[in-house]
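>>> Just to be clear, the model below is a prediction. Sequence and coordinates:
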Amino acid sequence: MSFEPQNWPLVKLSDLITVKHGFAFKGEFFSDEPTELQLTTPGNFAIGGGFQLGKGKFYSGEYPKEYVLKNGDLIVTMTDLSKAADTLGYAAMVPETEGTIWLHNQRVGLVQIKKDAPVELDFLHYLMRTADYRHWVVSTATGSTVKHTSPSRICDYEFRLPPIWLQGEIGRILTAHDDRITLLRETNATLEAIAQALFKSWFVDFDPVHANAGTQSPSLPPEIQALFPATFTDSPQGPIPEGWSWITLDEAYEINPKRLLKKGVVAKYLDMASVQTQGHVTGEVIDREFGSGTKFCNGDTLLARITPCLENGKTAFVDFLEPNETGWGSTEFVVLKPKAPLPDFHGYLLARQSVFREFAIRSMSGTSGRQRVQNDVLGSFNLAIPDKPIATAFSQVVTPIQQSISANHKQAKTLAHMRDTLLPRLISGQLRLPEAQAAIEGIS
């Protein structure tokens, strides 16, 4: 078979694969409480394709064993609730996640290669993430508010099939990109978990004070451990470390601090959909003319205050602007800015703490489906504030963590952009393998 794309055979996906429907698991056994059984949903598909963990939907009932997915299975989403059908038809590989059994849920298709079909699974994975394939799926979808596709419409997609050895090389190159992106994201998840654990240990559980009091073993370097007191004092909210203050959020923070941005000026815009439910980094930030909205600068924390975004955990740390630059976004963001001596990242870590989020969720008001927490109510939340040496020490520990997370995220975005640039050119034959390899080495 020739390398020249015009000589590749024109095939339909139906010549190579079938798409198996998922199972209609019983809603009475759905749960938000984690179990080892987790249902795959359209929310597990990232925009652009690929698997994302997202907010889990767990299951506690009996299930048919033929609807258990394996690590490396190729799945495709057949329903999309967004106006732009952001993920409809995209493919993803089921990851290996320790302690989780992934269930093949309805409206998610399982791609199965036909016997002796001349196609590689990794190649299919990336073919089903191309713009041409996506255009076909979206243009043939049904529904207005909720978009649907089907196995037959997916399988009617027509394309030129490269020789199988070339499919393998294309899959290898693109998978290597995704593996590096995954590693960076996993590293970031670990770094954030470390920062969150430190915050809880120091400012919620007061572990270093308990250690100095002799009730538990110290876990900090001696020079940091020595900064903490060994006794507690009473407060209206319970015992707090000696010398600390127990004050409200609006005393410790600026809530929606004043930021300057003139109407009509083009500035960086962050929409609610681009804010993550896990992790402090954001999705795409675009240039958009300012009309009205929440304004923010680097070092601010953005907390979604409206249902369901608040319950889902949408929170962002702003570190994507230029120095002295102001960005803007939805009026449903609350901007949190810690006052000195607290470091900026204290705001993000606080916003991710369960005790704070539960307070914010309990404090929502408004009509059903449009509830939100008001600034003055949020400002009444109480927190323990340390003295300056401890706040400074915390900043010296967590600021490098935050900077590493940001650097890893930027590298992952660069790799994703490169992958998305290579993808259509490799699959269409416009880009030869040596050129692709050179491009990869250029960002290694």
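Now that the structure is in, tell me what you want to look at. Numbers count the residues shown, from 1 in each chain.

>>> so where's the stretch 1-150 of the chain uncertain?
1-3, 55, 83 (pLDDT under 70).

>>> if we go to 90?
Under the criterion pLDDT under 90, the flagged ranges of the stretch 1-150 of the chain are 1-7, 31-34, 42-43, 46-50, 52-57, 80-86, 96-99, 144-146.

>>> All the helices of it, residue numbers only.
Ranges of helices in the stretch 1-150 of the chain, per DSSP state H, counting those that start in this stretch, are 121-127, 131-139.

>>> And these: which comes nearest Leu422?
helix 121-127 (9.4 Å; C-beta to C-beta). Backbone N, C-alpha and C define where each C-beta goes, glycine included.

>>> quick one on the thing from earlier: TSV please, covering the helices of the stretch 1-150 of the chain and showing mean neighbour count.
What follows is these, written out as TSV (neighbours: other C-beta atoms under 10 Å):
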stretch	mean neighbour count
helix 121-127	22
helix 131-139	16
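
>>> looking at the ones you listed, which is closest to Glu62?
That would be helix 121-127 among the helices of the stretch 1-150 of the chain, by C-beta to C-beta, at 30.0 Å.

>>> Give me the contact list for that closest one.
16-17, 49, 72, 74, 91-93, 111, 113, 133, 159, 162, 167-168, 170-172, 174-175, 423, 427 (C-beta atoms under 8 Å, 6 or more residues apart in numbering).

>>> Run the chain-centre distance for it.
23 Å (C-alpha atoms, centre = their mean, to the nearest Å).

>>> And stretch 226-234, by the same measure?
Using C-alpha atoms, centre = their mean, the mean C-alpha position of stretch 226-234 is found 38 Å from that of the whole chain.

>>> Start and end of that stretch, how far apart?
Stretch 226-234 has an end-to-end distance of 22 Å (criterion: C-alpha to C-alpha, to the nearest Å).

>>> what comes up buried for that stretch?
227-229, 232 (16 or more other C-beta atoms under 10 Å).

>>> which two of those residues lie the greatest distance from each other?
Farthest apart among these by C-beta to C-beta are Leu227 and Phe232. That separation is 15.7 Å.

>>> returning to that earlier point: please pick the buried ones from the contacts of helix 121-127.
For the contacts of helix 121-127, a burial check counting by 16+ other C-beta under 10 Å picks out 16-17, 49, 74, 91-93, 111, 133, 159, 162, 167, 170-171, 174-175, 423, 427.

>>> Looking at these, which are in strands?
Using DSSP state E, the subset of those located in strands is 17, 74, 91-93, 111, 159.

>>> Closest one to Phe206 out of those residues, please.
Phe206 lies nearest to Ala92 out of these, by C-beta to C-beta, at 42.5 Å.
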